[in-house]
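Participant: Can you look at this prediction? I've put the sequence above it.
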Amino acid sequence: MFDITLATWQILVIKVLVILTVVPLGALVGGYAEHKVMAHLQHRLGPMYPGGWHGWATTLADGIKFLLKEDIIPAAADRKVFSFAPAAIMVPIIMTYLVIPIDRNLVIEDLDVGLFYLLAIGSLSTIGLLMAGWSSANKYALIGALRSAAQLIAYELPIVLAAAVVAMLAGSLSLIDIVEAQNFPFAVWPPGIGLVAFLLFTIGAVAEMTRVPFDMPVAESEIITGPFTEYSGMRYIFSHMFAEMGHMVAFGGIAATLFLGGYKPIVPLRILEFIPGVFWFAGKTMFMIFLFLWIRPTFPRVREDQLQKFAWKFLIPVGLVLILATGAWVLYV
Amino acid sequence: MAMTTEGPKPASRGAGAEGRLQTEEMILNVGPQHPATHGVFRLLATIDGEILINAEPVIGYMHRGYEKLVEQRDYRQITNLVSRMDWLSGINNELPLAMAVEQLMEIEVPPRAQYLRVILCEMNRILNHLMFFASFGAELGAITPTFYAFREREDIQRVMEATTGGRMHFGFFRPGGLKEDVPRGFVDEALKGVRQVIERLPDYENLLVGNEIFKQRTIDVGVLDREAAYSYGVTGPIARGSGIDMDIRKDEPYLVYDKFDFDVCSAPNGDCFDRFWVLVGEVGESARIVEQAIEDLPPGPIMGKVPRVVQAPAGEVYVRTENPLGELGMYLVSDGDRRPYRLKIRTPSYSNVSALSHVLANTYVSDMIAILGSFFFVLGDIDR
C-alpha cells in the first residue's frame, strides 16, 4: 500500500477542505431535495428550468442570487452582533460534521467523546439565534429568538436522553464504537427500546432544526422567519437557508450513525460487503433526510405552549423511562 | 399526547407578582404588511411575552371610495365597479346591485338568467371558500392543503373564465340579466368541476380538519359566543360557526334559491374549528346547489326587457344577499337620473372584523394567527 506521511498541518488543511466542500454540497443537494420532494407530495413539479434537467441548478442559482443581493443592516441594529450572528449560527453546525464516521476509517476526528461533543456543539448555534434576534432591533425577531432558545432547552433533552440510550447500549461515547456495537435489526433492537429512542431522537431533531411542526421560532406566516426577519442577502442564506439544510444533513448523518448502523450494510449478507461503507452511510442519511422532508408538508404548526408541554410532559418522561429500561436491559439481558 | 388547550394564564402580569419574573407589556404592530393579514390590515397588539392582552384592528389602508365612484357612473357601469370590492367573490358582489336596479326599474329577469346567476354565484362561493381553506392551512403552517385547494379551484376557475372572460372580476351580471349566454360545453365542464370538489372533500377532511395538531390549534381557540356575534352584526360562515343559524338564501330566498334542496351548515361552539368546519361544509352544499341548478336549467332568453336608456325612477331599495362571507346589503337611492343618487354598501367583512378585538383579547400570539385566519375577511371588502 501507499505509505504517505503528511505533516500535521497538511492533514489539517485537507480535513478543513473536505469539510468546507461537504457542508455546502450537502446544503445544496438538501435544498434541491426539499424543493422536489415537497413539490411531488403536493401535486406540483417544483423547479424545472434552472440548469436544464429537472431544474437541478435551482439551489445553486438561488445561492448566487442571494450572494449578489444587497446586505442590509437596519439603522437601529447592533451592527457588530448583527454581522457576527450568522457565523455564530453556521460554525457550530459545520463543526458537527467533524466526528460523524462516514466509513470505518473515514472520519475526520474520531474523538473518544464523539457523542458528547456532537450534543454539546449542536446546541451552540442557539446563541447565534439569540444574538440575531436581539441585535436586529425588531420585535418579531426578538420573539423568534426567545422561542428558539426555549425550544432548544426543551427539545435538547429528548435528544440527549435518546443518545444516552445508544451510549449505554454501546458502552462507549466514540461514534465508531457505537456503530460497531450495532447489529442487524439496528433501530429495532433491543425490542421497544431502540424504536422509541429512534422516534424520540427524530422528533427532537425536527424540533432542533425548527422545521414544521415545530417551527414556531421561525413561523413564516406569524413572526416572519423570527430571528432572521431583518436579514437579507448573503447573511440571510447563511443564517437561515444554509444553516437549516446543513443542520438537516448533519442530523440525518447523526441519526444514521446512532440508530441505523452508519456505514454497515442494512442486512448482514456477505455479498453486500463489497459495497463501500460510504454508500450505506449516504443511503441511510438520505433516508433520514427524506423523513424530515416528508414531515414538513404533512403537519400544521404546533402552538408554542403546546410545543413546550409536549416536550416537558411527554417526551422527557418517556426518555427517562427509556433510560431505566435500557439500564435494566444492559444489566440483566 | 399530554397536550391540553387551556387559556393563557396572565400570571406574570402586574407590578411584581411575588416570586415571579416581572415582565412588561409590549406593543406589537402586526401589519399593514404582514403575511397573516391577507393585505393591508393592521393590528395593534399589546403582548406580554407569548400572551396577547388585547388587539385593536386598524383599517382604512385600502379605501377606494366605491360608494362615491358609483354616483359618477350610470347603471350599466356600476355592477362592474362593485365587483372589485371583495375580489374573491366578484360575481356575488354584482348580484345585489343588479337586483337593486331591477327592483327599482321593475324589470323581470327571465328564469334562465336566474338559474345561471345561482350557478355562477355558487361556483364563485366554492372558489372563495377553497381560497380561505387554503390560506387558513398555510397560516397554521400546513402548506399542502393550499395546493390541494388550488387544484380544485383551477377546474372551476376555468369554467368561470370560459363563461365570463375573467378570473377574478367577472363583470357578467347586468341589470336585467346576464352579459351573454353561457358557452357550449358549460354544463358538462361545470358539472365535472363541481363533482370533483364533492369527490375530493373527504381528502380535505383527512388532511387538515381531522389532523390532531390542527384540532389542538383550533378547538376552543378564539371563541365568539352567540350573543357577541349578534351584537357585532357578524354574519356568514362566522355567525353560523357561532350557532346562529342564519342564511339569507334560506330565510329570504332570492333568485330561485327556494327551488333547491340544501342545508345550512352551522356549528355551536364559535371557535376557530367550528368556523372552519362550517366553511368546508358549505363548499359541499354549494356544489350540491350547482348540480341541482344545472339539472333544471331552463332554456330561454338571458336578458329581461330593459329600456335602451337605463334610468331608474326616483325611489330607494335595499337588497341583501348571502355573500360567501356574510350578508351583503346594497341600499340604492335614485332621484330619477341615469346615475344612482347614493349607494350605501353593507359589506360582510367590515362587520365581521369589528368582532376581532373582542375575540383576540387574552389569547396567545400564535392564536392570533389562527383567529385572523378563521375570520375569513377580504381587505377590499372591509375598506371598499
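Facilitator: Yep, that arrived.
Participant: Surely A:Glu273 and A:Pro265 touch.
Facilitator: Yes: counting by Cβ atoms under 8 Å, A:Glu273 touches A:Pro265, with 6.3 Å between them. C-beta coordinates here come from the backbone N, C-alpha and C atoms, glycine included.
Participant: Name the residue in those two with the higher neighbour count.
Facilitator: Set A:Glu273 next to A:Pro265 and count neighbours by other Cβ atoms under 10 Å in any protein chain shown: A:Pro265 wins out with 18 against 12.
Participant: Give the helix, strand or coil label for that one.
Facilitator: coil (DSSP: H, G, I helix; E, B strand; the rest coil).
Participant: Relative to chain B, how far out is it?
Facilitator: Using Cβ to the nearest Cβ, to the nearest Å, A:Pro265 is found at 35 Å from chain B.
Participant: Provide the secondary structure category for the closest residue to that residue other than its chain neighbours.
Facilitator: Of all residues not flanking A:Pro265 in the chain, A:Leu272 sits nearest, at 4.0 Å (Cβ to Cβ, 6 or more residues apart in numbering or on different chains). At A:Leu272 the chain is in helix, as set by three-state DSSP.
Participant: Now for A:Ala85: which residues touch it?
Facilitator: A:Gly128, A:Leu129, A:Met131, A:Ala132, A:Ser135, A:Pro227, A:Ser239 (Cβ atoms under 8 Å, 6 or more residues apart in numbering or on different chains).
Participant: can you point me to the longest helix in the chain?
Facilitator: Answering for chain A, as no chain was given. Looking across chain A with DSSP state H, the single longest helix is helix A:8-41.
Participant: looking at chain B here, not the other one
Facilitator: Selection of the longest helix in chain B by residue count, based on DSSP H, yields helix B:111-139.
Participant: is it anywhere near chain A?
Facilitator: Yes: using Cβ under 8 Å from any Cβ of the partner chain, we find that helix B:111-139 touches chain A at B:Gly137, B:Ala138, B:Glu139.
Participant: What degree of burial does A:Ile295 show, as a neighbour count?
Facilitator: A:Ile295 has 16 nearby residues by other Cβ under 10 Å.
Participant: The residue nearest to it when sequence neighbours are not counted: neighbouring residues, count only.
Facilitator: Nearest non-adjacent residue to A:Ile295, counting by Cβ to Cβ, 6+ apart: A:Val206, 6.0 Å away. Neighbours of A:Val206 under the rule other Cβ under 10 Å: 22.
Participant: again with B:Pro340
Facilitator: Residues lying near B:Pro340 (other Cβ under 10 Å) number 24.
Participant: now the strands: where do they sit in the chain?
Facilitator: Went with chain A since none was named. Taking DSSP state E as the criterion, chain A contains no strands.
Participant: oops, I was thinking of chain B
Facilitator: B:26-30, B:33-34, B:39-40, B:42-48, B:51-58, B:173-174, B:177-178, B:315-323, B:326-334, B:342-346, B:363-364.
Participant: rewinding a little: with neighbour count and pLDDT added, can I get the residues of helix B:111-139 next to chain A in CSV?
Facilitator: As requested, the residues of helix B:111-139 next to chain A are exported to CSV (neighbours: other Cβ atoms under 10 Å in any protein chain shown; pLDDT from 0 to 100):
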residue, neighbour count, pLDDT
B:Gly137, 26, 82
B:Ala138, 21, 82
B:Glu139, 23, 83
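Participant: just those now: which is nearest chain A?
Facilitator: Nearest to chain A out of these is B:Glu139 (Cβ to the nearest Cβ; 4.5 Å).
Participant: ok, the closest one touching B:Gly373?
Facilitator: Yes: with contact defined as Cβ under 8 Å, B:Glu139 counts as touching B:Gly373 (4.2 Å).
Participant: Pull up the overlap in contacts between these two.
Facilitator: Counting by Cβ under 8 Å, 6+ apart, the common neighbours of B:Glu139 and B:Gly373 are B:Ala36.
Participant: Let me know the distance separating A:Val321 from A:Ala154.
Facilitator: 18 Å (Cβ to Cβ, to the nearest Å).
Participant: who has more neighbours, these two?
Facilitator: Using other Cβ under 10 Å, the more surrounded residue of A:Val321 and A:Ala154 is A:Ala154, with 20 against 12.
Participant: In chain B, which residue sits nearest chain A?
Facilitator: Nearest residue of chain B to chain A (Cβ to the nearest Cβ) works out as B:Gly141 at 2.8 Å.
Participant: what about the spatially closest residue to that residue that is not a sequence neighbour, how many neighbours?
Facilitator: Spatial nearest neighbour of B:Gly141, excluding adjacent residues (Cβ to Cβ, 6+ apart): A:Arg301 at 2.8 Å. The number of residues packed near A:Arg301 is 26, by other Cβ under 10 Å.
Participant: ok, now A:Gly252?
Facilitator: Look at A:Gly252: counted by other Cβ under 10 Å, it has 25 neighbours.
Participant: Run through the residues that contact it.
Facilitator: Neighbouring residues of A:Gly252 by Cβ under 8 Å, 6+ apart: A:Thr285, A:Met286, A:Phe287, A:Met288, A:Ile289, A:Phe292.
Participant: ok, and which of those reach chain B?
Facilitator: On the criterion Cβ under 8 Å from any Cβ, none of the entries of the contacts of A:Gly252 sits beside chain B.
Participant: Find the nearest non-adjacent residue to residue 228, please.
Facilitator: Chain wasn't specified; assuming chain A. Once flanking residues are discounted, A:Phe228 sits nearest to A:His240: 4.5 Å by Cβ to Cβ, 6+ apart.
Participant: try chain B instead
Facilitator: Excluding the flanking residues, the one nearest B:Ala228 by Cβ to Cβ, 6+ apart is B:His358, at 5.6 Å.
Participant: residues contacting the one you found?
Facilitator: Neighbouring residues of B:His358 by Cβ under 8 Å, 6+ apart: B:Leu224, B:Ala228, B:Tyr232.
Participant: before we move on, what about B:Gly39?
Facilitator: Counting by Cβ under 8 Å, 6+ apart, B:Gly39 touches B:Met62, B:Val378, B:Leu379, B:Gly380.
Participant: Can you tell me which of the residues you listed are classed as buried?
Facilitator: Among the contacts of B:Gly39, those buried by neighbour count (16 or more other Cβ atoms under 10 Å in any protein chain shown) are B:Val378, B:Leu379, B:Gly380.
Participant: Need phi/psi at the nearest residue to the first one once chain neighbours are set aside.
Facilitator: Among residues not flanking B:Val378 along the chain, B:Asp86 sits closest, at 4.7 Å (Cβ to Cβ, 6+ apart). Per-residue torsions, B:Asp86: phi -100, psi 100 (degrees, to the nearest 10).
Participant: I figured B:Asp86 was touching B:Ile382, is that so?
Facilitator: No: between B:Asp86 and B:Ile382 there is no contact, the gap being 9.2 Å when judged by Cβ under 8 Å.
Participant: what is in contact with those two at once?
Facilitator: Common contacts of B:Asp86 and B:Ile382 (Cβ under 8 Å, 6+ apart): B:Thr347, B:Ser349.
Participant: Low-confidence regions, the stretch 1-150 of chain A specifically.
Facilitator: Low-confidence segments of the stretch 1-150 of chain A (pLDDT under 70): A:1-4.
Participant: What is the neighbour count of the residue of it found nearest chain B?
Facilitator: Residue nearest to chain B within the stretch 1-150 of chain A: A:Gln42 (4.0 Å; Cβ to the nearest Cβ). Using other Cβ under 10 Å, the number of residues around A:Gln42 comes to 17.
Participant: quick one: contacts for it?
Facilitator: So A:Gln42 contacts A:Pro297, B:Ile143, B:Thr144, B:Phe147, B:Tyr148 (Cβ under 8 Å, 6+ apart).
Participant: switch to 7 Å and redo it
Facilitator: By Cβ atoms under 7 Å, 6 or more residues apart in numbering or on different chains, the contact set of A:Gln42 is A:Pro297, B:Thr144, B:Phe147.
Participant: try B:Arg320
Facilitator: B:Arg320 touches B:Pro96, B:Ile248, B:Glu327, B:Leu328, B:Gly329, counting by Cβ under 7 Å, 6+ apart.
Participant: Quick check, pLDDT for the first one.
Facilitator: The score at B:Pro96 is 89. That number is its pLDDT.
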